[in-house]
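Participant: what follows is a predicted protein model with its sequence.
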Amino acid sequence: MFKYDKSTTELIKDFFYHIDLHGEKTFKKQELYAWFNKNYPEIKSWALYLQLAKLTVNANRNYLNPNTDGSDDTLFQIDADTFRLYNKNIDYKPSWFEPEEREQDNAMELFEPYLDPQTLGLGLPWEERGLVTGAPPDAVERYEEFKSYMAFCKGNSVIV
């Protein structure tokens, strides 16, 4: 099931413990990537990127289907590269996060099986990755929507 004895999310939380993340203490995205590269090299940066977004309350993470019980409400993004623990008493939680407003289907599940393995492991940005030849039209359409969405978020610093 997992490449290691824990899920990527659990390993990210181990990173928080390792750096003694608490209160207003922050960390940079590159620190997380470096720690994983050293300790869990088989976990790809794109997997970390997606899990980090899923754990960040002020990232538009609806397409990642965060848990509605609040267990994924872990981080607050200060800027494009800096994060700290989410504090529900002082940090806002965007209204678009409300579960009833979230899309029920997961875009990733639709196109992920069709990602071209030759481009997936190269560390390419989303806009340069492709789908395999013969992917169904709905997967291609959702993938194009996802790439546009990721480009928008990157340009507006609203996601990791």
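Facilitator: Looks like it came in fine. Residues are numbered from 1 along each chain as shown.
Participant: CA only for contacts and neighbour counts going forward, please
Facilitator: Noted.
Participant: check which residues of the helix or strand containing Lys38 are buried.
Facilitator: For Lys38, the element it lies in under DSSP states H and E is helix 29-39. Buried residues in helix 29-39, counted by 16 or more other C-alpha atoms under 10 Å: 29, 32-33, 36.
Participant: how near is Asn39 to Lys6?
Facilitator: 13 Å (C-alpha to C-alpha, to the nearest Å).
Participant: same question for Pro41.
Facilitator: In terms of C-alpha to C-alpha, Pro41 sits 14 Å off from Lys6.
Participant: what do you get for Val57?
Facilitator: As judged by C-alpha to C-alpha, Val57 and Lys6 stand 22 Å apart.
Participant: ok, the two, which is more surrounded?
Facilitator: Val57 (26 against 12; other C-alpha atoms under 10 Å).
Participant: check that one and give its pLDDT.
Facilitator: In this model, Val57 is scored at 85, pLDDT.
Participant: wait, doesn't it sit right on Phe76?
Facilitator: Yes: applying C-alpha atoms under 8 Å as the test, Val57 and Phe76 come out as touching, 5.8 Å apart.
Participant: what is in contact with the two at once?
Facilitator: Each of Tyr86 lies in contact with both Val57 and Phe76 under the rule C-alpha atoms under 8 Å, 6 or more residues apart in numbering.
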